[in-house]
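# structure of the sequence below:
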Amino acid sequence: MQIKGLPFSLSIVAALFTAASLATAQTRTDIHRDAATRNVGDDPFMMTYARAFYCNLADNNNQIVINSRGWNNTTGTGANAQYRIPMTQIFDDVWFVGNHYVGQYLIKTADGLVQVDAANNANEVATFNYPAMQALGLSATYPLKGVLLTHGHGDHDGGANWLKTNVGTEIFLGSADAANKAYAPTAIDSTDLSMRQMSIGGKNFWILPTPGHTNGSTSSVVEVQDHGKTVRVLTNGGQSMSSTLIPAVANYLDSIERTYVMVKALNVAGVMTPHIYWDGEGEKMREIIATGRTNPSQHVYGHESVVRQMVVARECSAAWLSRLDATAMLPVWRYNTMEFVGGAPTPTKIAAKVKNGWGPLANQRVRFSVDETGASCTATTDANGVASCDVRPLRPHKDRITARFEGAETMDFVDLPAEATALVCSNGTCKAP
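Residues are numbered from 1 along each chain as shown. The predicted structure is shown next:
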């Protein structure tokens, strides 16, 4: 299903890929742009969306963001009504309401509804969000328990006062964005940059202040249900960087790095960010509308994909900061993968390879451990990035081997951790871990 006006094509993807891949690496900006491309790996979807949009400033390609603003239809009428998306279920307990530029997420809980963000204006909320809430059971006994705002820009909090006045709900917003807001938000302390948990309407959120887009931007992770399974999903508090303000871009970079840590720590596997064009959620929304939800849902990207996206975002941020500040000498983050090789693991052979977008990772320590017994050994990767070890005895189809690279750091690179797990095989026949 295609929507007229969406500015993506294979030619654009190819142009972006070529431009980044052929960077001369003569500037720090070029080095980080190239790193963003290498960290994408073999994922054209991520190249089309996350890589293109996070790097839009460093690539001198801000026009793709400007174009997307034309999709912000708040009335459902007029020439751009095609960009309005009907209420769409993306998880068992989550529905999207909005358009192809920006939207909101309604979450059903045992106690009532929780909404992430509050639309562009009062009319939009009254026309679309409120009827959606009613369709999901809004009543005196099943209320809207709270609204979590990602930040204080008008396209995210424009309908908050209407909700506060007409529905009587509590509004949560980062304290650095909360001044002079008519809806008198409950402030989330933006000066405390640590990840912590908070309950909104009985729903547990992991909250992380992520200044950069605005001073009060707040990212979060929440558990949702996907075909009966619990999945943790990320909401990015603010996806675009300041165009010229070095302190704001530096804050944004730091926030992306801390978001990476949160995503890793919480094993996040999905995304539901307000600007759905940024990471390709809009494309997935169109697929749901055309053919229905898949299992897992289209919004479950997989943990490693979400992690990789954060690494790409980090390099795009470093690229832009390096252009604005010639004194910024930032190491490159490299996303690494680990895979068992040579038919391993078997009772007599355990070997695994560490590699990234630059090639094999040599002279690095890999620890192999048996999940069931705790037995372990450590080996160093060779020139081909392969480490091999001998842990015995091993039981075919019973013991699981985990190969883990803990990461490494030099002045030039931060090589990020990687691991893989597999069942011990027998006679070349393996079962899925």
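
# name every strand pairing with the helix or strand in which residue 333 is found and say which way it goes.
Secondary structure from DSSP states H and E places residue 333 in strand 332-334. In the sheet, strand 332-334 lines up against strand 413-415 (parallel) (DSSP bridges).

# can you list contacts of the strand it pairs with?
Residues from elsewhere that reach strand 413-415 (CB atoms under 8 Å, 6 or more residues apart in numbering): 331-334, 336, 356, 361, 364, 405, 407-409. Heads up, the C-betas are built off the backbone N, CA and C, glycines and all.

# buried ones in stretch 191-201, by neighbour count?
Going by neighbour count (16 or more other CB atoms under 10 Å), the buried part of stretch 191-201 is 195, 200-201.

# would you turn those into JSON lines with secondary structure and pLDDT?
Below are the buried residues of stretch 191-201 laid out as JSON lines (DSSP: H, G, I helix; E, B strand; the rest coil; pLDDT from 0 to 100):
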{"residue": "195", "secondary structure": "coil", "pLDDT": "98"}
{"residue": "200", "secondary structure": "strand", "pLDDT": "94"}
{"residue": "201", "secondary structure": "coil", "pLDDT": "87"}
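
# which one among those residues gets closest to residue 70?
Nearest to residue 70 among the buried residues of stretch 191-201 is residue 200, at 32.5 Å by CB to CB.

# surely the closest one meets residue 148?
Yes - the pair residue 200 / residue 148 is scored as a contact, 5.7 Å apart, by CB atoms under 8 Å.

# what touches both of the two?
Here residue 200 and residue 148 have 114, 172 as joint contacts, going by CB under 8 Å, 6+ apart.

# show me what contacts residue 288?
Contacts for residue 288 (CB under 8 Å, 6+ apart) come out as 88-90, 298.

# can you pick the most crowded of those residues?
Compared across the contacts of residue 288, residue 90 has the highest neighbour count, 23 neighbours, by other CB atoms under 10 Å.

# residue 300 is in contact with that one, correct?
No - counting by CB under 8 Å, residue 90 sits too far from residue 300 to count as a contact (9.5 Å).

# helices of the stretch 101-250 of the chain, start to end?
122-124, 130-135, 154-157, 160-166, 246-266 (DSSP state H, counting those that start in this stretch).

# so which of the ones you listed comes closest to residue 305?
Closest among these, using CB to CB: helix 246-266, at 10.5 Å.

# neighbours around residue 411, how many?
6.

# state the distance from the residue nearest to it when sequence neighbours are not counted to residue 257.
The shortest distance from residue 411 to any non-neighbouring residue, by CB to CB, 6 or more residues apart in numbering, is to residue 331 (6.5 Å). Look at residue 331 and residue 257: by CB to CB, to the nearest Å, they are 11 Å apart.

# ok, now residue 304?
From residue 304 to residue 257 the distance is 18 Å (CB to CB).

# give me every residue that touches residue 364.
Going by CB under 8 Å, 6+ apart, residue 364 touches 354, 380-381, 385, 387, 405, 408, 415.

# do the same with residue 342
By CB under 8 Å, 6+ apart, residue 342 lies in contact with 349, 351.

# so it: helix, strand or coil?
Secondary structure, DSSP: H, G, I helix; E, B strand; the rest coil: residue 342 is coil.

# give me the nearest residue to residue 54, chain neighbours excluded.
residue 316 (3.9 Å).

# same question for whichever strand or helix holds that neighbour, mean pLDDT?
Here residue 316, judged by DSSP H and E, is contained in helix 303-324. Averaged across helix 303-324, the pLDDT comes to 97.

# tell me which residues in it are buried?
303, 305-324.

# which one of the helices of the stretch 101-250 of the chain lies closest to residue 27?
Checking the helices of the stretch 101-250 of the chain against residue 27 by CB to CB gives helix 246-266 as the closest, at 16.2 Å.

# quick one: that closest one to helix 303-324, angle?
Between the axes of helix 246-266 and helix 303-324, defined by axes from the mean of the first three to the mean of the last three CA atoms, to 10 degrees, the angle is 170 degrees.

# what helices or strands is helix 246-266 leaning on?
Judged by 3 or more CB pairs under 8 Å, 6 or more residues apart in numbering; DSSP states H and E, helix 246-266 is in contact with strand 203-209, strand 218-226, strand 229-235, helix 303-324.

# same thing but 10 Å
strand 203-209, strand 218-226, strand 229-235, helix 303-324, strand 332-334 (3 or more CB pairs under 10 Å, 6 or more residues apart in numbering; DSSP states H and E).

# among these, which is nearest residue 83?
Going by CB to CB, the one of the helices and strands packed on helix 246-266 nearest residue 83 is strand 229-235, 21.3 Å.

# may I see the buried residues of that closest one?
Neighbour count says strand 229-235 has 231-235 buried, by 16+ other CB under 10 Å.

# over to stretch 365-378?
Of the residues in stretch 365-378, 366-370, 377 count as buried by neighbour count, 16+ other CB under 10 Å.

# which residue is nearest the middle of the chain?
With distances taken as CA atoms, centre = their mean, residue 306 lies nearest the centre of the chain, 4.8 Å away.

# that residue and residue 326: what is the separation?
32 Å.

# same question for residue 26.
From residue 26 to residue 326 the distance is 13 Å (CB to CB).

# now swap in residue 332 and tell me
In terms of CB to CB, residue 332 sits 17 Å off from residue 326.

# more neighbours: those two, which one.
The neighbour comparison of residue 332 against residue 326 (other CB under 10 Å) goes to residue 332, with 21 against 10.

# shouldn't the more buried one be in contact with residue 314?
Yes - the pair residue 332 and residue 314 qualifies as a contact (CB atoms under 10 Å) at a distance of 9.5 Å.

# intersection of neighbour lists for those two?
32, 35-36, 39, 414 (CB atoms under 10 Å, 6 or more residues apart in numbering).

# output those residues in a markdown table, with pLDDT and secondary structure appended to each entry.
Below are these laid out as a markdown table (pLDDT from 0 to 100; DSSP: H, G, I helix; E, B strand; the rest coil):
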| residue | pLDDT | secondary structure |
| --- | --- | --- |
| 32 | 97 | helix |
| 35 | 98 | helix |
| 36 | 98 | helix |
| 39 | 98 | helix |
| 414 | 97 | strand |
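
# which members of those residues are the farthest-apart pair?
36 and 414 (14.0 Å).

# more crowded one of these two?
For residue 36 versus residue 414, the count of surrounding residues by other CB under 10 Å is larger for residue 36: 30 against 16.

# which ones are touching the more buried one?
By CB under 10 Å, 6+ apart, residue 36 lies in contact with 20, 47, 50-52, 54-55, 58-59, 311-319, 332-333, 357.

# follow-up on the earlier one: show me what contacts the residue nearest to residue 411?
Contacts of residue 331 by CB under 10 Å, 6+ apart are 32, 35, 318, 409-415.
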